[in-house]
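Trainee: using only what follows, build the 3D model:
(2 chains)
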Amino acid sequence: MEATTTPPILHRPAPTYHLVFRPASTDTIGFIKELDTLLTLENYNGFALQATLHAYENARRYLESASNVMVLPQPEFTPDGEGGIDIEWENNGRRLALSCRAQDNQSDFISWREPGGQYDGDAASETLLKDKLDWLTR
Amino acid sequence: MDANPHPPAEDYPCDKILFRAIPYDTLLRKNGTPKDGVFLLRATSDPNGLSVTTTIRACREQFDRPIFGILSLHVGRLRDYGVEAFPSTETHVNIRPIPTRDENEPLARQIAADLMAMSRPVENWDAENADELFTARKNPN
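Mentor: Predicted structure coming up:
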């Protein structure tokens, strides 16, 4: 009877709390570089312009998830002044905004508006962002 | 900035002008036009409503470091829109009711977009005599 031996552990799976970022498209890499700059902004005139890690990681996750299924239009990044990040798109008068809030007790939000219409919105999710990016570019 | 409430400024004439600062550069688009976000409430600067001033000088002096522009708002248009000016000092005013993003993000964005549409950029806002220049342009005679 052969003795069973435990194979040596050559690779430990990453803990579940690690964020896994997939390879991104060339366009997305450009966006991510722009997003990265928000991590090193100097706070100014009493406003928290430097993004929190929480806001940055969520923003990056949403953008990378959407870029896996579509070519993203160029977004505009704006610090919300409280450590969060606003990501906005406009196309043919349609507006779409993803608010990545600074703290984990705040809810990320997606808002949109038809030309001449009123803003509507809902809690952010990767699925909703993809739907609304599709609507924006249709 | 104040501990509200204060009574609304019923004595303000409808042609009175109020001023809102653009306090950091990323509130400007790459083409230099201001983003609607200028009119979103921020906890640090707008604890009692949208913070505006009655003079260009006071608008600049709210901040320790240079600002990136000033937008003007017409009190009459604000009243027509359904918001009111509540003075807290001689030169500082809060505009209410405007929700925070945590309270109602779509409405906060809508109001920010509407206020941006009704605002006008102030020319020569960084001049020493900016208020006098503004008044002279408003009342050319």
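Trainee: so where do the helices sit in chain B?
Mentor: B:56-61, B:75-81, B:101-118, B:130-138 (DSSP state H).
Trainee: out of these, flag the one nearest chain A.
Mentor: Judged by Cβ to the nearest Cβ, the one of those that comes nearest to chain A is helix B:101-118, at 4.0 Å. Placement of C-beta: from N, CA and C, glycine included.
Trainee: and chain A, which residues reach chain B?
Mentor: A:41, A:44-49, A:76-82, A:86, A:88, A:95, A:97, A:99, A:106, A:109, A:111, A:113, A:118-121 (Cβ under 8 Å from any Cβ of the partner chain).
Trainee: which helix in chain A has the most residues?
Mentor: For chain A, the longest helix by residue count, based on DSSP H, is helix A:53-67.
Trainee: what packs against that one?
Mentor: helix A:26-37, strand A:85-91, strand A:94-100, helix A:126-137 (3 or more Cβ pairs under 8 Å, 6 or more residues apart in numbering or on different chains; DSSP states H and E).
Trainee: heading C-terminal from it, find the next helix or strand.
Mentor: Where DSSP states H and E defines the elements, the next helix or strand beyond helix A:53-67 is strand A:76-79.
Trainee: can you list contacts of that following strand?
Mentor: The contact list for strand A:76-79, computed with Cβ atoms under 8 Å, 6 or more residues apart in numbering or on different chains, reads A:34-35, A:38, A:41, A:47-51, A:85-90, B:24, B:26-27, B:29, B:35, B:37.
Trainee: name whatever forms a beta bridge with the residue minimising distance to the centre of chain B.
Mentor: The centroid of chain B falls nearest to residue B:20 when counting by Cα atoms, centre = their mean (2.7 Å). Beta bridges link residue B:20 to residue B:71, judged by DSSP bridges.
Trainee: from chain A, how far out is it?
Mentor: Distance, residue B:20 to chain A, by Cβ to the nearest Cβ, to the nearest Å: 14 Å.
Trainee: I'd guessed that residue sits against residue B:71; true?
Mentor: Yes. Under the criterion of Cβ atoms under 8 Å, residue B:20 makes contact with residue B:71 at 5.0 Å.
Trainee: shared neighbours of the two, anything?
Mentor: Common contacts of residue B:20 and residue B:71 (Cβ under 8 Å, 6+ apart): B:38, B:119.
Trainee: quick one: the spatially closest residue to residue B:41 that is not a sequence neighbour and residue A:104, what's the gap?
Mentor: Nearest residue to residue B:41, sequence neighbours excluded (Cβ to Cβ, 6 or more residues apart in numbering or on different chains): residue B:100, at 4.9 Å. Look at residue B:100 and residue A:104: by Cβ to Cβ, to the nearest Å, they are 18 Å apart.
Trainee: between these two, which has more neighbouring residues?
Mentor: residue B:100 (14 against 10; other Cβ atoms under 10 Å in any protein chain shown).
Trainee: now tell me which helix or strand of chain B has the poorest mean pLDDT.
Mentor: Least confident helix or strand, chain B: helix B:130-138 with a mean of 92, by mean pLDDT, DSSP states H and E.
Trainee: ok, residues contacting stretch B:118-138?
Mentor: B:17, B:19-20, B:34, B:39, B:55-57, B:59-60, B:66, B:69-74, B:77-78, B:81.
Trainee: so what's the spatially most central residue of chain A up against?
Mentor: Of all residues in chain A, the one closest to the mean position by Cα atoms, centre = their mean is residue A:59, 2.0 Å from it. If you count contacts by Cβ under 8 Å, 6+ apart, residue A:59 has them with A:35, A:51, A:85, A:87, A:98, A:100.
Trainee: also residue A:82?
Mentor: By Cβ under 8 Å, 6+ apart, residue A:82 lies in contact with A:47, A:48, A:101, A:102, B:42, B:43, B:44.
Trainee: run a quick neighbour tally on the last one.
Mentor: Yep, that's residue B:44 we're talking about. When neighbours are defined as other Cβ under 10 Å, residue B:44 has 14 of them.
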